[in-house]
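Peer 1: everything below, folded, please.
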Amino acid sequence: MVLEGSSEALCPPPSLELRPSCNKSQSSPPLGSGSQPHDALFPGDKEPIKYGELIVLGHNGSLASGDKGRRRSRLALYKRPKANGVKPDVIHNVSTPLVSKALSNKSQHSISYTLSRSHSVIVEYTHDPNTDMFQIGRSTESMIDFVVTDTAGSGGGGGGQGQSQGGAGGDGGQSAQSTISRYACRIMCERSAPYTARIYAAGFDSSKNIFLGERAAKWRTSDGLMDGLTTNGVLVMHPAGEFVSEPAPGVWREISVCGNVFALRETRSAQQRGKLVENESNMLQDGSLIDLCGATLLWRTPSGLRRTPTLKQLESLRQELNAARPQCPVGFNTLAFPSLAQRATVDKKQPWVYMNCGHVHGYHNWGFRKEKGAGSSAIVGVPGAGGTAPASTGDRECPMCRRVGPYVPLWLGCEGGLYLDAGPPTHAFCPCGHVCSEKTVQGWSQIPLPHGTHAFHAACPFCGTWLTGEHGHVKLIFQGPVD
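Peer 2: Residues are numbered from 1 along each chain as shown. Model prediction:
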């Protein structure tokens, strides 16, 4: 292979941790999909070393079509049997028409930066025995460890689950309109304590290459190296404090292909990069959020997960709620939260809530607000009545306090990794009705999640519905049994 120009060993800036010399005799091992626990047992270890877990917001414990293989709502990253990490090694200046020839080595990871029709820069990567690499994206190819498809959030009300894979179809397939990159990002985990995890934009394709085309945002750094951004970007927000004890949102930043941190672009796909943020890093911490322009992932560390409820503990909390025998204050019938496995169909005993006040009732089909200007018989939303309500509204009047607002079924949050503590489920997100602890609703209601090209909205982490009301959540008021 003949490359135009001379190759040079990369100088080692601190952010890239480059070696001062090159070692071309060591090639990268196959990527594989060894992030699954059964593939990640390190020989000789009694228990696998867990780096952390990625949880996709908006799915409440499982995808609508079910968790299957690498396409799931939650994935744990474990230490691999053999390191598969890579690091920058050698840089080449080549003629753009010769790029395909220069990248013909299938065993060599590389990143290609197309500067013009006649000039490209290729950075070769070499095997790093000290790190494990995990790749995330929409592609179902084998080099992607975690297959992520679009999560459909909602700006309107609506209870129940509200969880779906927008445009993905009932089988969880990929969408032609998806804004998530096929090779969205990669996470590099150090194989020795403290097992630091770092995130980088873009992932290597089946040819072990990353291509940044002529229109992609890219630039030559002050030390002569290359860096760039992906089309829709990879955004990261680290919590301002400790995610569990002092939940407070940080600032959304964009991560580059080389792992540098930048302020956000004016719009998601603008060609002009934001300002370099030198005092922040791409190192993930408990509670870091990763947005892939279509899906948002939460990173939880093993220590952080130890402070969240397990599925068994959530089931115990559900049984405790039902053991208290909450009653409908009007019908006096006993209410009961359905099992955690029942997430699609409303049960006849399921509790419902008036969102503007928090009074919990059983289901009833009366109490719709009268439409303005209609006669006494014109009851909004009641079949056969003289008036009709917009399809998107179902406001009703609470018989206890007369406040008018959404009336929705209550659902327990089933994804324990989204909880900030294991406290009792006393509050619900508005307007979807997902129930969890007070600390959890207060924490998530403060976090603005990316939406579209430049909008941000707080949303329920269990279903992705945008939060409404003054606080985004309500305290539940249960009626005890009248014996």
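
Peer 1: from the contact counts, what lies against the helix ranked longest in the chain?
Peer 2: Of all the segments assigned as helix in the chain under DSSP state H, the longest by residue count is helix 311-323. If contacts are counted by 3 or more CB pairs under 8 Å, 6 or more residues apart in numbering; DSSP states H and E, helix 311-323 sits against strand 411-412. (Glycine included, C-beta is placed from N, CA and C.)

Peer 1: what mean pLDDT does the very next helix or strand once past the strand it packs on have?
Peer 2: Using DSSP states H and E, the helix or strand that follows strand 411-412 towards the C-terminus is strand 427-429. Averaging pLDDT along strand 427-429 gives 96.

Peer 1: after strand 427-429, heading C-terminal, what element do we hit next?
Peer 2: Using DSSP H and E, the next helix or strand after strand 427-429 towards the C-terminus is strand 434-436.

Peer 1: for that following strand, which helices and strands make contact with it?
Peer 2: For strand 434-436, the contact count by 3+ CB pairs under 8 Å, 6+ apart identifies strand 411-412, strand 427-429 as packing neighbours.

Peer 1: list the strands paired with the first one, with their directions.
Peer 2: With DSSP bridges as the criterion, the sheet partners recorded for strand 411-412 are strand 434-436 (parallel).

Peer 1: same check, this time on the last one
Peer 2: Neighbouring strands of strand 427-429 in its sheet, by DSSP bridges, are strand 434-436 (antiparallel), strand 473-475 (antiparallel).

Peer 1: pull the residues that contact it.
Peer 2: With CB atoms under 8 Å, 6 or more residues apart in numbering as the test, strand 427-429 has contacts from 353, 355, 358, 410, 434-438, 440-441, 444-445, 460, 462, 465, 467, 472-476.

Peer 1: mind checking how far it is from the chain centre?
Peer 2: With CA atoms, centre = their mean, to the nearest Å as the basis, strand 427-429 stands 20 Å off its chain's centre.

Peer 1: for stretch 442-460, measure first residue to last.
Peer 2: From its first residue to its last, stretch 442-460 covers 11 Å (CA to CA, to the nearest Å).

Peer 1: OK, contacts around H59?
Peer 2: Residues near H59 by CB under 8 Å, 6+ apart: S73, T151, Q163, E415, F462.

Peer 1: and the helices and strands packed on strand 434-436 as CSV, adding mean neighbour count?
Peer 2: Below are these laid out as CSV (neighbours: other CB atoms under 10 Å):
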stretch, mean neighbour count
strand 411-412, 24
strand 427-429, 27
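
Peer 1: I'd guessed A217 sits against T267; true?
Peer 2: No: in this structure, A217 is not within contact of T267 by CB atoms under 8 Å, at 11.7 Å.

Peer 1: between these two, which one's more packed in?
Peer 2: More crowded of A217 and T267, by other CB atoms under 10 Å: A217, with 22 against 13.

Peer 1: would you mind measuring from the more buried one to A455?
Peer 2: To A455, A217 is 21 Å away according to CB to CB, to the nearest Å.

Peer 1: L276 too?
Peer 2: Distance, L276 to A455, using CB to CB: 24 Å.

Peer 1: more neighbours: those two, which one.
Peer 2: Higher neighbour count among L276 and A455: L276, with 14 against 11, using other CB under 10 Å.

Peer 1: from what I can see that one touches I255, true?
Peer 2: No: with contact defined as CB under 8 Å, L276 does not reach I255; the gap is 11.9 Å.

Peer 1: for K275, which non-adjacent residue is closest in space?
Peer 2: The spatial neighbour of K275 that comes closest, neighbours along the chain excluded (CB to CB, 6 or more residues apart in numbering), is A263 at 4.6 Å.

Peer 1: G464 too?
Peer 2: G464 sits nearest to G58 (CB to CB, 6+ apart), 3.3 Å away.

Peer 1: does that neighbour count as helix, strand or coil?
Peer 2: For G58, the assignment made with DSSP: H, G, I helix; E, B strand; the rest coil gives coil.

Peer 1: distance check, it against D150.
Peer 2: With the distance defined as CB to CB, G58 ends up 10 Å from D150.

Peer 1: now do the buried residues in stretch 59-69.
Peer 2: By 16 or more other CB atoms under 10 Å, the buried positions in stretch 59-69 come out as H59, N60, G61, S62, L63, A64, S65.

Peer 1: quick one: end-to-end length of that stretch, please.
Peer 2: Chord length of stretch 59-69, first to last residue, is 16 Å (CA to CA).

Peer 1: gap between it and the chain center?
Peer 2: Worked out by CA atoms, centre = their mean, stretch 59-69 lies 13 Å from the chain centre.

Peer 1: okay, and for the stretch 151-300 of the chain, where does confidence drop off?
Peer 2: Residue ranges of the stretch 151-300 of the chain with pLDDT under 70: 152-176.

Peer 1: that one: strands as residue ranges?
Peer 2: 185-190, 197-201, 209-212, 218-220, 226-228, 234-237, 253-255, 261-262, 289-291, 296-300 (DSSP state E, counting those that start in this stretch).

Peer 1: quick one: residues in contact with the last one.
Peer 2: Outside of strand 296-300, the residues within contact range by CB under 8 Å, 6+ apart are 52-58, 136, 148, 151, 197, 284-291, 308, 417-418, 449-450, 461.
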